[in-house]
Structures are given as structure tokens and as C-alpha cells.
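K.L.:
Just the structure for this:
(one chain, ligands or ions: 1)
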Amino acid sequence: MAAYLVTGGAGFIGSHLAEELARRGHAVRVADSLITGKRRNLAHVSSVEFLEGDLADQAVAVRAVAGMDYVLHQAAIPSVPRSVEDPIASNRANIDASLNVLVAARDAGVKRVVYAGSSAAYGDTPTLPKREDMPPHPLSPYALQKLVAEQYGQMFTRLYGLETVAIRYFNVFGPRQDPGSPYSGVISLFADALLEGRQPTIYGDGGQTRDFTYVANVVDGVLRACEASSVAGEVINVATGDRISLNELLRVMNGIVGTNVRAIFKEPRAGDVKDSQADISKARALLGYRPIVPLEEGLRHTIDWCRSDRAAAER
Ligand code: UD2
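P.N.:
Numbering: from 1, shown residues only. Okay, here's the model as predicted:
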């Protein structure tokens, strides 16, 4: 048994990590500001220690990290358009807080920090699929911030010998992803709209593609990154290695829900990437990772969860 800190552990991906770690019998502490996270995301995981606080405050980061073996740094303001509208707030959450966590982890003698990087770092580099050795080309403050924090981690490995690994996530979706804001992930917004019989919005012509990754795959990749040898300082894509357009995604989701709802098309969003697809050969080689849950199965689980969550909210 080891002690794990999950920052952002009351959020979508963080709560899945906390749940799986607790299930495996580890000691889990969650640090979350509850700006986007929710206590109820952890309601079913009784053994988790909860620390409410903002990691952009160094004292909070020091308290959060104390006594931990591993730090899974998931806390962030994870939105391209939100970062375009308010770059200062997202810089604070995505860079300042990350630096605080790294300094606290270094000082506390943490074994390894696994960081939630983003496919956004690649931007519109023309080659697909995206390989980790391609030069990054961030198109939004969010993309730049995720890249900077990733590079801070690598620098901490070189300068101070703190083991860090950055896992680049590719459009993660699944249960507990909140559809409650216009900044929410597109699958949560599409699911919510279809279940209400509303028309979802597509920004642009819907031809943009994404490597949508079911959350269980990411949990598996991140936990492998805690245990793998010879990965300190590495950046590793974790995704399905496939891509689908938004138009096709909506068609598949309509099929699952049993609707035939069309989208409303609006102007493309500033800072948006056109195409995204991961090369996952590095994750296969270094982590022994392979995607466990394919897209359509993940979409079914997600839509089932959205249905039951909406039914519970109505009761
Ligand atoms: C970026 C990152 C992703 C993750 C995420 C965090 C890329 C390729 N991906 O996701 O890895 O870090 O940020 O939030 O940079 N859209 C619509 N209608 C809507 C909402 C979105 O058409 O109602 C479009 C949006 O313009 C984009 C696509 O759907 O083209 C996906 O948007 P998203 O917000 O779900 O995620 P994205 O790609 O910004």
C-alpha cells in the first residue's frame, strides 16, 4: 500500500483516479479547490481524505503533499475557450499551482509526480498521428500553460532529481464529466442535449476530429505511469490512437440514444485545433498500455450514466 495525493480529485478525471486507487487499497488524499470539482463526485468513495484548498497558495500545496509517496497532479482549469477569455485565472490554476506542487513534492521527497498534460500542446502541427517528439505548437493560453507545466516537471527531474512523468490526455470523456457549463467537454454537452431532445451546437463545420478517450483508459495509463521503470522526465500520449469527426460523433451518439437530432452550426471557436489523433506506441512500449474501452462502448457507459444522473436529479 502506498500514499497517493490526487490534486483535482473531486473533478471528473481525478475522482476516477481516486476511486480506483482506493479500490486497490491505497491511502488516498484529495486536494481540490471545488471551483470546478464537486464533493459528490467522491460521495461513493468513503476512505478518501479530503483537503479543500487552492494549490496556487503554496501553504496549501505543502499541506497537500506532506507524507505522500505519489502525486497525481490533475487540478486545472481545463478549457481552451475559458483560457482565451480569462488567461490570468487559468494561468494561476494551470501554471502557478503546478509549480507549487512540484516544489512541495521535491521538498517532501515524493517518489514520483504524474502530471495531466494535454494533446492541446500539439496544436495544428500538420502530421497525424501526433508523436511526443514533434515540436509543440500551442494555439491557446490553455495549451501553452499545459505545455509549460509539463516542461517544469521535466526541468525538476533534471535539476533536482524529482521523478516526473507527463501523460498527454486526448479529449477524455466518461461518467461525471459535467455538462453544466458552455466550457464543458463536447461529449457531455452532446449527451445532455440529446437526452433533452435539444439541438447541440457544433462550432465550425463539424469536420474537426478528435481522439476521444474513455476515462478508464486514462486511469489505467496514469496508474501504469506510477509504477513503470525508466520513465522519469518522459512525456507520453495516452489515448485510443483513433479519431472521429464531430459530425460522425453526433451520428453515433444519436444512434445510441435513439434520436435523430441535428446540430446548430456556429462560428469556430478561437484557439480551436482542427485535427487530433495520438500515436500511442510510446505508451505501449514504456507503460505496456493499450486502450481497454473503445469509443462506442465508452459512449454507451457515458450516456447510461447521464440518464441515471438526470433521473436522480429529478427525484
Ligand atoms: C482540449 C484538448 C484536450 C483536453 C481539453 C480540456 C485538444 C485537441 N484537446 O480539448 O486534450 O485537454 O482541451 O478541456 O486540444 N465543440 C462543439 N460544440 C460544443 C463544445 C465543443 O462543437 O458544444 C467543439 C470544439 O470547438 C472542439 C471540439 O468540439 O472543436 C472539442 O471541444 P472540447 O471543448 O470538448 O475539447 P477540446 O478539443 O478543446
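
K.L.:
Run through the residues of the stretch 151-300 of the chain sitting next to the ligand.
P.N.:
With Cβ under 6 Å from any ligand atom as the criterion, the stretch 151-300 of the chain comes near the ligand at residues 169-171, 185-186, 189, 201-203, 208, 210, 246, 269, 272-273, 276. For every residue, glycine as well, the C-beta is placed using N, CA and C.

K.L.:
Farthest pair within those residues?
P.N.:
Within these, two members stand farthest from each other by Cβ to Cβ: Tyr169 and Thr201, at 23.2 Å.

K.L.:
Please say which of the two ends up with more neighbours.
P.N.:
Tyr169 (26 against 14; other Cβ atoms under 10 Å).

K.L.:
Ala121 is in contact with the more buried one, correct?
P.N.:
No. Counting by Cβ atoms under 8 Å, Ala121 is not a contact partner of Tyr169; they are 10.5 Å apart.

K.L.:
which among the residues of the stretch 151-300 of the chain next to the ligand end up buried?
P.N.:
Among those, those that count as buried by neighbour count (16 or more other Cβ atoms under 10 Å) are 169-171, 185-186, 189, 202-203, 208, 210, 246, 272-273, 276.

K.L.:
The stretch 1-150 of the chain: strands as residue ranges?
P.N.:
3-7, 27-32, 49-52, 70-73, 112-118 (DSSP state E, counting those that start in this stretch).

K.L.:
Adjacent strands (with direction) for the second one?
P.N.:
What it means is strand 27-32. strand 3-7 (parallel), strand 49-52 (parallel) (DSSP bridges).

K.L.:
who touches that strand?
P.N.:
1-11, 14, 18, 21-22, 42, 45, 47-53, 55, 60, 64, 68, 75 (Cβ atoms under 8 Å, 6 or more residues apart in numbering).

K.L.:
next one: the first one
P.N.:
By Cβ under 8 Å, 6+ apart, the residues outside strand 3-7 that reach it are 14, 17-18, 21, 26-32, 55, 64-65, 67-75, 97, 101, 226.

K.L.:
if you set the cut-off to 6 Å instead, what comes out?
P.N.:
If you take Cβ atoms under 6 Å, 6 or more residues apart in numbering as the criterion, strand 3-7 is touched by 14, 17-18, 21, 26-31, 55, 64, 68-75.

K.L.:
Whichever of these count as buried, I'd like them selected in ChimeraX; how would that read?
P.N.:
Here is the ChimeraX command that selects the buried residues among these (16+ other Cβ under 10 Å):
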select :14,17,18,21,26,27,28,29,30,31,55,64,68,69,70,71,72,73,74,75
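
K.L.:
Which parts of the stretch 51-200 of the chain are helices?
P.N.:
58-65, 80-85, 87-91, 97-108, 141-160, 186-196 (DSSP state H, counting those that start in this stretch).

K.L.:
I'd like those helices as CSV, with mean pLDDT and distance to Met253 appended.
P.N.:
Listed next are those as CSV, based on pLDDT from 0 to 100; distance: least, Cβ to Cβ, whole Å:
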stretch, mean pLDDT, distance to Met253
helix 58-65, 98, 37
helix 80-85, 97, 21
helix 87-91, 98, 28
helix 97-108, 98, 33
helix 141-160, 98, 25
helix 186-196, 97, 5
